[in-house]
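Participant: Prediction below, plus the sequence it came from.
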Amino acid sequence: MQIRAGQLDRPEVIALLREHLQGMAELSPPESCHVLDLDGLKHPDVSFWSAWDGESLLGCGALKRLDAEHGEIKSMRTVDAHRRRGVAAAMLEHLLEEAARREYRRLSLETGSMDGFEPARRLYARYGFDCCGPFADYRDDPNSVFMSKAL
């Protein structure tokens, strides 16, 4: 598996991000859907990576700079055909390494509270993320689970 920076212009990546947006919209009401679209992922404060096996896309993830010491995980998604093969764990490890390289003191994320998000919550907990209150511009929301990890 190779994790590459960018690749937002690749048709496979664009298709996966569309699938991600659609999946989030199916699981969460609009006011609780905090997913970044393609333009949002191109923002200067957001860095995006995609995971590949040769020319086959496996998944993606992003890191948003909240401030000099705090980052947020965004847009973690694995291609359905590659789920349960370690893609998300590899991407999360990459994001943790990048956050440490940037000398962030904290890394946070928002995910859904619904059953469909349980695998994601378990993955984050396995890597030391604990539930926390809303951070950045988020507000309390029964459809959201906020997690954070000191680095």
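Facilitator: Received it, and whenever you're ready, just let me know what you need.

Participant: for Ala99, helix, strand, or coil?
Facilitator: helix (DSSP: H, G, I helix; E, B strand; the rest coil).

Participant: Identify each buried residue in the longest helix along the chain, please.
Facilitator: Counting by DSSP state H, the longest helix found in the chain is helix 11-27. Residues 12-13, 16-17, 20-21, 24, 27 are the ones in helix 11-27 that count as buried (16 or more other Cβ atoms under 10 Å). C-betas here are computed from N, CA, C, even on glycine.

Participant: With stretch 99-116 instead?
Facilitator: Within stretch 99-116, judged by 16+ other Cβ under 10 Å, the buried ones are 99, 104, 106-113.

Participant: Could you tell me which of those belong to strands?
Facilitator: 106-112 (DSSP state E).

Participant: hang on, the earlier thing: which helices and strands does the longest helix of the chain pack with?
Facilitator: Judged by 3 or more Cβ pairs under 8 Å, 6 or more residues apart in numbering; DSSP states H and E, helix 11-27 is in contact with helix 38-41, strand 56-67, strand 70-78.

Participant: Just the C-alphas of that helix, formatted as CSV.
Facilitator: Output of helix 11-27 as CSV, limited to C-alpha atoms (Å, rounded to 0.1, in the frame of the first residue of the first chain):
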residue,chain,number,x,y,z
PRO,A,11,-11.5,10.2,-11.3
GLU,A,12,-11.3,7.3,-8.9
VAL,A,13,-10.8,9.7,-6.0
ILE,A,14,-13.6,12.0,-7.1
ALA,A,15,-15.9,9.0,-7.4
LEU,A,16,-14.9,7.8,-3.8
LEU,A,17,-15.5,11.3,-2.4
ARG,A,18,-19.0,11.4,-4.1
GLU,A,19,-19.8,8.0,-2.5
HIS,A,20,-18.5,9.3,0.8
LEU,A,21,-20.8,12.4,0.6
GLN,A,22,-23.8,10.3,-0.4
GLY,A,23,-23.1,7.8,2.4
MET,A,24,-22.9,10.5,5.0
ALA,A,25,-26.1,12.1,3.7
GLU,A,26,-27.9,8.7,4.0
LEU,A,27,-26.8,8.2,7.6
